[in-house]
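Q: Below is the sequence, then the predicted model.
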Amino acid sequence: MLTSLIHEIRIWPVVWKRRLIMYWRIGDKGALIFVGTLLSVFALLGSIIFFAYTRPTPANVAYVESSQREARHRRALDLRCLAENVFFEARGESLRGQLAVAEVTMNRTRSPYFPHSVCDVVHETRWDAIRGRQVAHFSWTEIEDFRAQPREGPAWDQAEKVAQAAYDATYSPIVPGALFYHATRIHPDWAKTQRFIETIGNHSFYR
């Protein structure tokens, strides 16, 4: 139907142009009324075509809704993993120390050297030649006792708030560009090759 309508629209200007010339030549005083009517018809047809092409189709609406659901699901998973990392890595630290740990996690998602989702960063492993096995970047993820601990209480509530602040970047960066940190009680060899930023609580941070 729309194709037929478009075809007719293409023909009508020629037909009406000839009629307009004819009316003009014979001195029809109603020419102005005729032109006004013609313009109204074209305006109506233009509106019909515009709404036919711009009105969202059921398929487009479904796609948008599906994308929105997927984005909400992805955000919920990211926030959960980020809160867990703050909870198990820095629950005893100050707010600033917790934000710094969350910031390192988020910085890694934007680095070409790490995975690009929060959960993949948190649960990433690497091969340790000395131990002869895969080891986690964040040790709590491979310790069953930690993974089994309930996520509840004031410390968990705090971790969730810190995770949301870091995820949405609603605070000024504390350790800009930091991709690494370690507990101050240890002195890993890799720290010698990284640029030290600062020590916050029980963690030292590096770029």
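A: Received the coordinates, thanks. Residues are numbered from 1 along each chain as shown.
Q: State the mean pLDDT of the strand or helix carrying residue 163.
A: Using DSSP states H and E, residue 163 sits within helix 153-167. Helix 153-167 shows a mean pLDDT of 97.
Q: and the helix or strand just after it, what other elements does it pack with?
A: Per DSSP H and E, the first helix or strand lying C-terminal to helix 153-167 is strand 180-183. Using 3 or more C-beta pairs under 8 Å, 6 or more residues apart in numbering; DSSP states H and E as the contact criterion, the elements in contact with strand 180-183 are helix 95-109, strand 203-206. Backbone N, C-alpha and C define where each C-beta goes, glycine included.
Q: ok, residue 175 touching residue 199?
A: No: counting by C-beta atoms under 8 Å, residue 175 stays clear of residue 199, with 10.4 Å between them.
Q: on that earlier part again, touching the helix holding residue 163 from outside, list them.
A: Contact with helix 153-167 is made by 75, 78-79, 82-84, 86-87, 91, 95, 98-99, 102-103, 105-106, 118, 170-171, as judged by C-beta atoms under 8 Å, 6 or more residues apart in numbering.
Q: Equivalent analysis for stretch 194-201, please.
A: Residues outside stretch 194-201 that contact it (C-beta under 8 Å, 6+ apart): 90, 93-94, 96-97, 100, 174-178, 180, 184, 204-207.
Q: buried residues in the helix holding residue 163?
A: For helix 153-167, burial by neighbour count (16 or more other C-beta atoms under 10 Å) applies to 156, 158-160, 162-163, 165-167.
Q: Closest to residue 190 out of those?
A: residue 166 (23.5 Å; C-beta to C-beta).
Q: for the nearest residue to that closest one once chain neighbours are set aside, what are its contacts?
A: Counting by C-beta to C-beta, 6 or more residues apart in numbering, residue 166 lies nearest to residue 102, which is 3.6 Å off, once chain neighbours are set aside. By C-beta under 8 Å, 6+ apart, the contact list for residue 102 reads 82, 85-86, 162-163, 165-167.
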